[in-house]
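Colleague: Sharing a model that was predicted from the sequence below.
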Amino acid sequence: MNKMIVANLAYRPLRSLISIIAVAVEVTLILLIVGLATGMLNDSKERQKGTGADVIVRPPGSSAIIGLTGAPVSIKVADILRKQSHVVAVSPVIAQLISGGSLEFIYGIDLQSFEGVAGGFHCLEGGPFQGPDDMLVDDYFASANKVSVGKTVEVLNHEFRVAGIVEHGKGARRFIPLKTMQELIGAEGKASIFYVKLDDPNNADVVAQQIKQIPGMQSYNVMSMQELVSQMTPERLPGLSTFIKVVVGIAVVIGFIVIFQSMYTAVMERTREIGILKSLGASKLYIVRVILRETLLLAVAGIIVGMVVSFAAQPLLHYKFPTLPVEITKGWLIRATIIAVIGAMMGAIYPAYKAAQKDPIDALAYE
């Protein structure tokens, strides 16, 4: 049976190739798009951990995910936090969402206090802020946007000079002086996030409860970095889980339609061959198994091609778009394989049933 199946596929190479490509597109679509969403989320996690903070303090009503635009609370909150036990350093930050080529958070920071929490920037080129109109960018942003030290970059309708290019991984990809950010958004003396460094990360939960007991801060959003990172999942991000389901659904439809069309046409073209098999004693189950095995072989070949293309595209995408990481995980490799096989089999069920129901006499008389 296996030899016959391979011979059938080889006899119609173009149709077989189209089916393999369709399954490969299905797998590639799942792995790259879901990998992009997963990669961006995990990159955000790593950059938050890279701030070095053990506790995050945000205004009342802010979401569980770092995503607050504006500066609604006084910067003096930092002075209150510094007085708490186990607190080593506190850095007030304004996280401002901007849209250009893509959505991005820019941090307004007090360089000295931010480095006290994060452990200092590692400058690859240039150096720290020299004035209120200076900006620091990370190496990924610089590579993606062809930015060099001394170049002028416009943000919030204001021109900044790139003072330094720093190693990525400390919260945002671009940083400007806190006072400048406050002036640009009309929030003098205010901040949106307070990063808190402790003497021991194990004290994070204790300090978080301690902060919530401070008069006037009971409703503040206070959590440990570990808790924050654990909440940064596709299910917690509005729309991301739905987006992934839509992508998977589209991929399944692509595989289903192409496999259905390919196998249905193959059954119609093999009417006489099926009649010969049935006249030689082949059962309905045997005919169904032939069609389904052909489909499985096409699906496996398409899955392999799709995975190869996805892994080959991963470094190319990183080179072209350094700020958009693609992360292909083992879990999604398994899911993509299962989804592709199920989609292909669903597309082959009716053609297989149609082939099994053919009358051998009519099939032999078919021209």
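Modeller: Okay, I see it. Worth saying up front: this structure is predicted, and the values here are computed from it rather than measured.

Colleague: Touching, P351 and F260? I think so.
Modeller: Yes - because the distance of 6.9 Å satisfies Cβ atoms under 8 Å, P351 is recorded as touching F260. No exception for glycine: its C-beta is placed from N, CA and C like everyone else's.

Colleague: Comparing those two, which shows the higher neighbour count?
Modeller: Using other Cβ atoms under 10 Å as the criterion, P351 and F260 rank with P351 on top: 24 against 19.

Colleague: So that one: helix, strand or coil?
Modeller: helix (DSSP: H, G, I helix; E, B strand; the rest coil).

Colleague: Show the pLDDT at it.
Modeller: At P351, the predicted lDDT confidence score is 75.

Colleague: elements contacting the one helix or strand V206 maps to?
Modeller: V206 is located in helix 204-212, with elements delineated by DSSP states H and E. Where contact means 3 or more Cβ pairs under 8 Å, 6 or more residues apart in numbering; DSSP states H and E, helix 204-212 is packed against strand 55-58, strand 193-198, strand 221-224.

Colleague: for that helix, which positions count as buried?
Modeller: For helix 204-212, a neighbour-count test (16 or more other Cβ atoms under 10 Å) marks 204, 207-208, 210-211 as buried.

Colleague: Dump these into CSV; add distance to D139 as well.
Modeller: Converted to CSV, the buried residues of helix 204-212 look like this (distance: Cβ to Cβ, whole Å):
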residue, distance to D139
A204, 30
V207, 33
A208, 33
Q210, 37
I211, 34
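
Colleague: Closest one of these to I254?
Modeller: When those are ranked by distance to I254 (Cβ to Cβ), A204 comes first, at 46.2 Å.

Colleague: Wait, that closest one touches M225, no?
Modeller: Yes - using Cβ under 8 Å, A204 makes contact with M225 at a distance of 7.0 Å.

Colleague: tell me, what's touching these two both at once?
Modeller: Taking Cβ atoms under 8 Å, 6 or more residues apart in numbering as the contact rule, A204 and M225 both touch 54-55.

Colleague: and L316, how many residues sit next to it?
Modeller: Count around L316 with other Cβ under 10 Å applied: 10.

Colleague: Let me see the confidence value for it.
Modeller: 90.

Colleague: Same check on the one 4 residues further on?
Modeller: Listed pLDDT for K320 reads 84.

Colleague: Start at 55, not 1
Modeller: With the count now opening at 55, the last piece we talked about shows up as K374.

Colleague: before we move on, the earlier item: report the angle between the axes of the helix holding V260 and strand 247-252?
Modeller: 130 degrees (axes from the mean of the first three to the mean of the last three Cα atoms, to 10 degrees).

Colleague: Contacts made by helix 258-266 with the rest, please.
Modeller: 108-109, 111, 135, 138-141, 250, 252, 271-272, 274, 276-280.

Colleague: Quick one: buried ones out of those?
Modeller: Judged by 16+ other Cβ under 10 Å, buried ones among the contacts of helix 258-266: 108-109, 111, 135, 140-141, 250, 252, 271, 274, 276-279.

Colleague: show me where the chain has strands.
Modeller: 109-112, 127-128, 141-153, 157-163, 177-180, 188-192, 206-209, 212-220, 228-231, 244-245, 247-252, 275-278 (DSSP state E).

Colleague: Tabulate those in a markdown table, adding columns for distance to A409 and mean pLDDT.
Modeller: As requested, these are exported to a markdown table (distance: least, Cβ to Cβ, whole Å; pLDDT from 0 to 100):
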| stretch | distance to A409 | mean pLDDT |
| --- | --- | --- |
| strand 109-112 | 61 | 91 |
| strand 127-128 | 70 | 87 |
| strand 141-153 | 54 | 89 |
| strand 157-163 | 51 | 88 |
| strand 177-180 | 64 | 92 |
| strand 188-192 | 59 | 95 |
| strand 206-209 | 64 | 90 |
| strand 212-220 | 63 | 94 |
| strand 228-231 | 61 | 95 |
| strand 244-245 | 69 | 91 |
| strand 247-252 | 63 | 94 |
| strand 275-278 | 60 | 89 |
